[in-house]
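Peer 1: I'd like to go over a predicted model; first the sequence, then the structure.
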Amino acid sequence: TTTAAVASHLPLPPSILVFPPPPKWRAHSPCFSLSLSTCPSRASPSRHTHSLAAGVRARAAADPAFAYKLAVECGLDAAIIVCVNAGARGWDWRRLGGDAEFVLSQVAVSLLNDFALVYLLAPTVPVGAATAAAAAAAAVTGLGFSAALRSRLAALPSHVLARGPYPLSARAARFAARAAQYGAVGFSMGVLGSSLVAGLTAVREAADPAWVPPPTRQSVLGTGVGWCWFMSTSSNVRYNLVNGAEDALYGAAAAGSVPGLVPRVGSVALRLANNVAGARGWLATARALKLEQPRLSRAEREAGLTA
């Protein structure tokens, strides 16, 4: 989701694996919930895996283009990361290979983020539930909310511009709920990404005294807070717009107004433009928050220790 962030050695935008509710909780519209709220602390990893797989199946059933959109988002991001890293190294593929661990960590964190961004805004359908209303009402059980609040959360659209007779208040509530979710995603992946960069840099310096690390470093907590703000605001707006535009394109294709190829090409163009806009936006945010700090050289650090 960010491009220029790679060139400046900033960790790429995050994404936590936000596990969907257990199968019996699935609903037409994803509720405002995070995995830590919906799953008992003693739940086994296999249960989480099953729930995640069930959530993916539900979204694929609700939107036949879900897998395509996910593949486009992840594929574009991975290609951009590799190209920007190669360009930052003068298109020297040997240098790129020498820093493979950094590139792969950036790709891994970014793909987790992409998955969460696409997954959270995708609609779902009830699987094995008696009615959509019953599934929606059950979608937020276990959160400690009142029955009335659970019903309201379950009735929200999957994204702000989702088709349907949703009132403005419901769309505003969805935006606020997504802001909270995206903020959690951003903070988690900001911390993970910056921690990976710091850890890999320390290991590389210890293993190879001749290696020159990036000239700047980032605060782990500060980067997490920065990504929390950026994802809850900029990413939230942009991805809601992308999903709304895609819905319009796929709806037009379903109605026969445009060829079926148009929404697929449009999805690539929309998500590529969104990646570029996100990259520029993040770099501006990072500069405003002064997240990059000069890194002391090895000699300066050693002199400080001996002083």
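Peer 2: Perfect, I can see it now. Numbers count the residues shown, from 1 in each chain.
Peer 1: pLDDT below threshold where in the stretch 51-200 of the chain?
Peer 2: Regions of the stretch 51-200 of the chain meeting the criterion pLDDT under 70 cover residues 125-151, 153-154.
Peer 1: what's the longest helix seen in the chain packed up against?
Peer 2: For the chain, the longest helix by residue count, based on DSSP state H, is helix 168-207. Identification of packing neighbours for helix 168-207 by 3 or more Cβ pairs under 8 Å, 6 or more residues apart in numbering; DSSP states H and E yields helix 100-121, strand 216-218, helix 220-230, helix 236-254. (Glycine included, C-beta is placed from N, CA and C.)
Peer 1: can you mark which positions in it are buried?
Peer 2: For helix 168-207, the neighbour count (16 or more other Cβ atoms under 10 Å) marks 170-171, 173-175, 177-179, 181-198, 200-201, 204 as buried.
Peer 1: let me have the helices and strands packed on helix 168-207 in CSV, extended by distance to residue 46 and mean neighbour count.
Peer 2: Below are these laid out as CSV (distance: least, Cβ to Cβ, whole Å; neighbours: other Cβ atoms under 10 Å):
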stretch, distance to residue 46, mean neighbour count
helix 100-121, 19, 21
strand 216-218, 36, 18
helix 220-230, 29, 22
helix 236-254, 30, 18
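Peer 1: got these as JSON lines, with distance to residue 210 columns?
Peer 2: Formatted as JSON lines, these follow (distance: least, Cβ to Cβ, whole Å):
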{"stretch": "helix 100-121", "distance to residue 210": "17"}
{"stretch": "strand 216-218", "distance to residue 210": "19"}
{"stretch": "helix 220-230", "distance to residue 210": "27"}
{"stretch": "helix 236-254", "distance to residue 210": "42"}
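Peer 1: so which of those gets nearest residue 282?
Peer 2: Residue 282 lies closest to helix 220-230 among the helices and strands packed on helix 168-207, at 5.8 Å (Cβ to Cβ).
Peer 1: avg pLDDT for the closest one?
Peer 2: The pLDDT scores in helix 220-230 average 95.
Peer 1: picking up where we left off before, for the helices and strands packed on helix 168-207, which one sits closest to residue 77?
Peer 2: helix 100-121 (5.1 Å).
Peer 1: and that closest one, what does it pack onto?
Peer 2: Packing partners of helix 100-121 (3+ Cβ pairs under 8 Å, 6+ apart): helix 45-62, helix 66-88, helix 168-207, helix 236-254.
Peer 1: any idea which of the ones you listed gets closest to residue 280?
Peer 2: Of all the helices and strands packed on helix 100-121, helix 236-254 comes closest under Cβ to Cβ, at 11.4 Å.
Peer 1: same for the closest one, what does it pack against?
Peer 2: If contacts are counted by 3+ Cβ pairs under 8 Å, 6+ apart, helix 236-254 sits against helix 100-121, helix 168-207, helix 261-289.
Peer 1: on that earlier part again, output the helices and strands packed on helix 100-121 as JSON lines; include the columns distance to residue 155.
Peer 2: Listed next are the helices and strands packed on helix 100-121 as JSON lines, based on distance: least, Cβ to Cβ, whole Å:
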{"stretch": "helix 45-62", "distance to residue 155": "16"}
{"stretch": "helix 66-88", "distance to residue 155": "22"}
{"stretch": "helix 168-207", "distance to residue 155": "7"}
{"stretch": "helix 236-254", "distance to residue 155": "18"}
